[in-house]
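[1] following is a predicted model, sequence given first.
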Amino acid sequence: MGLKAWKFLMFSCLLFSFLDSSSSTKPRTCMSQTFSNGRQFAKCIDLPVLNSYLHWTYDLSAGTVEMAYRRTKSTSSQWSAWGINPSGPKMVGTQALVAVVNPNGVAEAFTTSIDSMNPSLKRMQLNFPVSGLSATFEKNEITIFGVLKIPPSLLATSHVWQQGRMVDGQMQPHPTFGPNVQSTGGINFKTGL
């Protein structure tokens, strides 16, 4: 093969590789999401399952992470939760922020610690302070807002997110198959990776 043909082949391979990678890189949905209260966040990620998205801003000087967890395609008869787990990508050990929609159609948020495979889901404080906790339910989207005061050791950690049904005002266990057992991952609040 001549030098000209070799250069053409290499150029074609590089061009094809570039076109293939650019077409497979889809834009993140979270980048176009807005919040009715006008809040804005520095970073966001599309979570891989349960129609979920995480937005946050890390404030180094304050040692805080201001965050919003959003789940689309939600209903008023579902609960939603997001939390961090320093002991790994699993449910037990998670420090969770939970949102439910009350009978008046208003979203409420609270914190709870997941201490067993059959947690009480009672309202309780977490292992770190949380302020500004609130939730909204609009257009079948539920969003939990909060400011987490976390130590540097939790800037890179595991996180989990979840959803389940509400029956007569009571939270029901989430399904234990499919997306509901795939809703874990790692998060680095500082770098965004």
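    Received the coordinates, thanks. Residues are numbered from 1 along each chain as shown.
[2] over to the closest residue to residue 49 other than its chain neighbours. Which of the three states is it?
    Counting by CB to CB, 6 or more residues apart in numbering, residue 179 is the residue found nearest to residue 49 once chain neighbours are left out, at 3.8 Å. The C-beta positions use only the backbone N, C-alpha and C, and glycine is treated the same way. Judged by DSSP: H, G, I helix; E, B strand; the rest coil, the three-state class of residue 179 is helix.
[3] how many neighbouring residues does residue 179 have?
    Neighbours of residue 179 under the rule other CB atoms under 10 Å: 15.
[4] quick check: it vs residue 149, distance?
    31 Å (CB to CB, to the nearest Å).
[5] show me which positions of stretch 91-105 end up buried.
    91, 93, 94, 95, 96, 97, 98, 99, 100, 101 (16 or more other CB atoms under 10 Å).
[6] quick one: name whatever helix or strand follows the helix-or-strand element of the chain with minimal mean pLDDT.
    For the chain, using mean pLDDT, DSSP states H and E, the weakest element among its helices and strands is helix 3-24, scoring a mean of 40. As assigned by DSSP states H and E, the chain's next helix or strand after helix 3-24 is strand 43-46.
[7] and that next one, which strands flank it?
    strand 52-59 (antiparallel) (DSSP bridges).
[8] helix or strand right after the strand it pairs with?
    Taking DSSP H and E, what comes next after strand 52-59 is strand 64-71.
[9] and for that next one, what are the contacting residues?
    The contact list for strand 64-71 (CB atoms under 8 Å, 6 or more residues apart in numbering) reads 30, 33, 35, 39, 41, 50-59, 80, 82, 97, 132, 141-150, 161, 163, 189.
[10] ok, stretch 171-191 next?
    43, 45, 47-50, 52, 54, 56, 58, 60, 65, 79, 84, 89-90, 98, 100, 118, 121, 150, 155-166.
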